[in-house]
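[1] just to be clear, the model below is a prediction. Sequence and coordinates:
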Amino acid sequence: MNKKITIAVLLGAALTWFAVSAMAADFYVLYFSLEEESALLLDPTSVSETADHHKRAHIANISAFFLWNDDVMEADCAGNRWKTVSSVSHLGKSDSEDHAADADATAGWEDITKGTMAWHEFDVVCRWPESKAKLEVYQSADLPTAEQAISTLFSNQK
C-alpha cells in the first residue's frame, strides 16, 4: 500500500511540474543587476510592427520593494530614436498608476546614443527576433508574476 501512495505522490508531483512548465512563458532579460537592484524584461509576444514600419514592444523595468514600470516603447529603427507610448507604474501587489496623461512619460521621440542601455533595448527591439539568440530567458506564468518575483528577489537580498 505504501508503494502505491509513494508512486501516486511522485506521479502527481511530476504531472504538476509538467503542467506548470507547459504554462510558463518566456521573457527575455535585457538587463539584470543584483547590485543595482534593477532588471529589464522584454515580453516577446508584444513585439510588433506598426503601419509606419516602426517596432513596438512591452518592456518591464523592475526594482526592489514591489516597484516596476510596464512601458510600451515604439522604435523608429531607421531614425535611431524611440518614444514611450504608454507607461504604468506599479507599487505593491495591486496599486498602479497610469502615466498616459503624463506629458513627461510620453513626451515624444528621443534620439538613441550607441553604447547606452537605451541603445541596447532599442537594438534588441529593432533586430527582433534575430536578437533573442543572445539574451537570457526568464520563465514565469505571466509577466506580472515575473515582475513580482524579481522585485521580491531584490528586496530579500538586504
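    Yep, it's here.

[2] any idea which residue is closest to the centre of this structure?
    With distances taken as C-alpha atoms, centre = their mean, the residue of the chain nearest its centroid is Leu41 (2.7 Å).

[3] who does the helix or strand containing that one touch, helix- and strand-wise?
    Using DSSP states H and E, Leu41 sits within strand 38-49. Under the contact criterion of 3 or more C-beta pairs under 8 Å, 6 or more residues apart in numbering; DSSP states H and E, strand 38-49 touches strand 25-33, strand 55-63, helix 117-126, helix 143-156. (Glycine included, C-beta is placed from N, CA and C.)

[4] C-terminal to the third one, what's the next element?
    Next along the chain after helix 117-126, taking DSSP H and E as the criterion, comes strand 136-140.

[5] which strands and helices lie in contact with that next one?
    Applying 3+ C-beta pairs under 8 Å, 6+ apart, one finds that strand 136-140 makes contact with strand 25-33, helix 143-156.

[6] His53 versus the residue nearest to the centre of the chain, what's the distance?
    25 Å (C-beta to C-beta, to the nearest Å).

[7] ok, back up a step: in its sheet, what does the strand holding Leu41 sit against?
    strand 25-33 (antiparallel), strand 55-63 (antiparallel) (DSSP bridges).

[8] who's Glu74 bridged to?
    Residues in beta-bridge contact with Glu74 (DSSP bridges): Arg56, Lys83.

[9] next, the contact list for it, please.
    By C-beta atoms under 8 Å, 6 or more residues apart in numbering, the contact set of Glu74 is 50, 54-56, 82-83, 85.

[10] cool, and Asp71?
    For Asp71, the contacting residues are 58-61, 84, 86-87, by C-beta under 8 Å, 6+ apart.

[11] just the closest of the residues you listed to Tyr31, please.
    Tyr31 has its nearest neighbour among the contacts of Asp71 in Asn61, at 9.0 Å by C-beta to C-beta.
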